[in-house]
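*Asks:* My questions concern the predicted model and sequence given below.
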Amino acid sequence: MSEFVFPPPTPPCVAIAGAARRFPVRRIFCVGQNYAAHAREMGKDPREEPCFFTKPADAVVASGATLPYPPRTHDLHHEIELVAALARGGADIAKEAALEHVFGYAAGIDLTRRDLQSQARKAGRPWDLAKGFDQSAPLGAIAPAARIGHPRAGRIRLAVNGATRQDADLSEMIWSTAEIIAILSQFVRLEPGDLIFTGTPAGVGPIVPGDHVAGEIEGVGAVEIAVER
Ligand code: MN
């Protein structure tokens with residue numbers, strides 16, 4: 001007889017580019033406002049230390065999926081982001097050693113119920129449910145760092161129905177991937193399987209039913225989703 005009262009779920013996982021094996025996801029951390037122009041469009045000072053939030057691990061959804069428009073929102077937003085996938089853990093990781101913990105990188109979309117986030121902000125309440133809802137983390141295949149290196153520059157863009165909405169460069173990130181890992185590891189012990197969404201550039205905006213959303217990061221990969229009509 002099983003020791004569990006019901007079968008435990010299989011871990012959420014993500015495809016690895018050019019490999020049959022998959023990357024098991026442990027947790028999803030996200031950085032808020034890591035591009036100055038986006039911080040400004042959200043009314044924030046870009047010089048502040050990065051803020052972090054999380055999504056449930058099972059919010060990951062494979063690129064190519066068609067998603068239902070999520071409930072309890074009338075303002076679903078796209079945020080294209082470079083995502084770092086960790087294969088090694090640690091606490092108080094030095095910035096200089098941080099990238100040794102990265103297995104690879106992917107293009108991800110931090111889907112956001114912007115109306116719920118704004119309401120929560122105004123009320124001084126947590127915005128977990130604005131960010132961490134079902135299928136809120138579409139992710140392309142992870143490109144191993146052993147093959148692509150650790151991108152510090154490269155075009156990052158997103159289009160909705162073929163029209164460009166976000167178009168920036170990874171070099172505009174305020175906090176580098178190494179700095180993010182170092183700072184985040186001061187707050188929590190990072191573990192293999194953790195994903196870090198590193199923040200989105202300016203140009204975030206609404207997605208409506210029937211939209212096709214496609215993002216691409218030069219030298220890393222692509223991600224796309226469709227939203228049900
Ligand atoms: Mn984001």
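*Replies:* Good, I have the coordinates. Residues are numbered from 1 along each chain as shown.

*Asks:* what about the helix or strand of the chain with the lowest mean pLDDT, distance to the chain center?
*Replies:* Lowest on mean pLDDT, DSSP states H and E among the helices and strands of the chain sits helix 36-41, with a mean of 82. For helix 36-41, the separation from the chain centroid amounts to 17 Å (computed by Cα atoms, centre = their mean, to the nearest Å).

*Asks:* For the residue nearest the centre of the chain, which non-adjacent residue is spatially closest?
*Replies:* Nearest to the mean C-alpha position of the chain, by Cα atoms, centre = their mean, lies Phe197 at 3.2 Å. Residue nearest to Phe197 in three dimensions, not counting chain neighbours: Cys30, with 4.0 Å by Cβ to Cβ, 6 or more residues apart in numbering. Using the backbone N, CA and C atoms, a C-beta is placed for each residue, glycine as well.

*Asks:* isn't the one you found right up against Lys131?
*Replies:* Yes - with contacts counted by Cβ atoms under 8 Å, Cys30 reaches Lys131, the gap being 6.9 Å.

*Asks:* and for these two, which residues touch both?
*Replies:* 53-55, 110 (Cβ atoms under 8 Å, 6 or more residues apart in numbering).

*Asks:* Walking through this structure, point out its helices one by one.
*Replies:* Secondary structure of the chain, counting by DSSP state H: helices at 36-41, 114-123, 128-131, 145-148, 177-187.

*Asks:* which regions of the protein lie under the pLDDT threshold?
*Replies:* Applying pLDDT under 70 to the chain flags the ranges 1.

*Asks:* at 80 instead, please
*Replies:* 1, 38-39, 44-47 (pLDDT under 80).

*Asks:* Get me the contact residues on it for the ion.
*Replies:* Residues of the chain lying near the ion by Cβ under 5 Å from the ion: 79, 110, 200.
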